[in-house]
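Enquirer: structure of the sequence below:
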Amino acid sequence: MSNREKDYDSDAPEEFTAEQGIQLDEEIQKVQKDNKARVVREGKERRRLWAQRKTPRSSKRSEDKQGEGIQDLAETEPEKESTANVGMLPSDIVELLASREKQVFLSDSEDEKAEVKRNPTKKKKKSSGLETVILNDMPPPECLKNSLEFLKKRKTQVARSYAVLNNPNKALRLLSTSGLLK
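Expert: All right, here's what the predicted structure looks like:
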């Protein structure tokens, strides 16, 4: 029976003290916070890479000039780095990045302006509200004419209906004698 008790005990949920529960909860919250931060960081990186792929590439000459500027800044970076700005980019690099972003935004806006000029679309007239419609002025729809024509043809084709309409008393007598009406 001791084996059964051991098996039964192994299926039971784990028991923790209040302190252990608080520690586990703190660990779980920390992991969740790290995961959220990682997801945000990866999303930003993915958008940044997508933007880099979408931006038009300039000629090789301008890339070489910009590449040399980055190398020059990278060489002077250790000299100018101060202990107060640990973890922050030097102002030279920030200015360089800002100027690049401005160039990218300018080229994007020029492309958008060119696209707007290429695709002129007709503007729809804006109505100033609901307009009143006079039903008497409108002709009857085609379906109404068709249905009336159908009824006229049907009336001429079925003689019984016409006879019943012309002689309703006889029709009532026929129905009552046949047992349909009592």
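
Enquirer: in the chain, which helix or strand is least confident?
Expert: helix 60-80 (a mean of 52; mean pLDDT, DSSP states H and E).

Enquirer: got any ranges where the protein has weak pLDDT?
Expert: 1-12, 57-87, 104-129, 156-165, 168, 171, 175, 178-182 (pLDDT under 70).

Enquirer: how about the helices of it, start to end?
Expert: Assigned by DSSP state H, the chain shows helices spanning 2-11, 18-54, 60-80, 91-118, 142-157, 159-166, 168-178.

Enquirer: now the second one: buried residues?
Expert: Neighbour-count burial for helix 18-54 flags no residue at all (criterion: 16 or more other Cβ atoms under 10 Å). Just so you know, the C-beta spots here come from the backbone N, C-alpha and C atoms, and that holds for glycine as well.

Enquirer: ok, D92 - how many residues close by?
Expert: 14 (other Cβ atoms under 10 Å).

Enquirer: repeat that for N169.
Expert: 7.

Enquirer: how much space between it and K155?
Expert: Distance, N169 to K155, by Cβ to Cβ, to the nearest Å: 20 Å.

Enquirer: what of K145?
Expert: Where K155 is concerned, K145 sits at a distance of 16 Å (Cβ to Cβ).
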